[in-house]
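Enquirer: model the structure of this input:
(one chain, ligands or ions: 2)
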Amino acid sequence: ADLRELYQEVIFDHNRNPRNFRRMEDAHRHADGYNPMCGDKVTVYLKLDGEVIGDVSFQGSGCAISTASASLMTEALKGKTLAEAERLFHAFHAMVTDSEGEPRAGLGKLEVLSGVREFPARVKCATLAWHTLHAALHDEKAPVSTE
Ligand code: FES
Ligand code: FES
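Expert: Ligands and ions are numbered 1, 2, ... in the order given. Below is the predicted model of the structure:
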């Protein structure tokens, strides 16, 4: 299978069987995010063990790309420090958008993973969970939008 098929399978799998998809009653931090283009919403929950993310989960209703991106994000975050999570957010953001916040061209595998190549508007789907994570890291109470 070529890379692209592989990544499409990853999206399919994480959308059908999202990891860490649950409400967390005893979260230390959480934040709500929404995509104004479609109205989809996500909540990200963090449980901290000192500076380390001991547990992370998400809930919400979103398209396949936003769900798969959130699921992959939670897997990447477990056991990371808050500072490492912050760096991951910035790395992901820089990878999918240019300095104007527009979808970046020529992204390689992440472009395929996020579906951005076929649908540039869908960069907001791929970044929804990450923006919400960022708000949770900063303990922001107001819902964040992807714009
Ligand atoms: Fe990077 Fe939060 S410190 S924007
Ligand atoms: Fe709503 Fe993707 S279409 S988050």
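Enquirer: CA only for contacts and neighbour counts going forward, please
Expert: Noted.
Enquirer: show me which positions of the helix or strand hosting residue 88 end up buried.
Expert: Under the criterion of DSSP states H and E, residue 88 resides in helix 82-96. Buried residues in helix 82-96, counted by 16 or more other C-alpha atoms under 10 Å: 82, 85-86, 88-89, 93, 95-96.
Enquirer: any chance of these in CSV, plus distance to residue 63?
Expert: Shown next, in CSV, are these (distance: C-alpha to C-alpha, whole Å):
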residue, distance to residue 63
82, 27
85, 24
86, 25
88, 22
89, 20
93, 19
95, 21
96, 18
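Enquirer: which residues in the protein form helices?
Expert: Along the chain, counting by DSSP state H, helices occupy 3-16, 64-77, 82-96, 109-114, 123-137.
Enquirer: and those helices, which one averages the lowest pLDDT?
Expert: Least confident of the helices of the chain, judged by mean pLDDT, is helix 109-114 with a mean of 47.
Enquirer: and the residue of the chain found nearest ligand 2, how close does it get to residue 62?
Expert: Among all residues of the chain, residue 125 sits closest to ligand 2, at 3.9 Å; criterion: C-alpha to the nearest ligand atom. Spatial separation of residue 125 from residue 62 under the definition C-alpha to C-alpha, to the nearest Å is 8 Å.
Enquirer: what of residue 43?
Expert: Taking C-alpha to C-alpha, one finds residue 43 at 11 Å from residue 62.
Enquirer: and the most centrally placed residue in the chain, what does it touch?
Expert: Within the chain, one residue has its C-alpha closest to the average C-alpha position: by C-alpha atoms, centre = their mean, that is residue 129, at 3.1 Å. Each residue near residue 129 by C-alpha atoms under 8 Å, 6 or more residues apart in numbering is listed here: 33, 42-44, 66, 69-70, 73.
Enquirer: I'm done for today, thanks for sticking with me.
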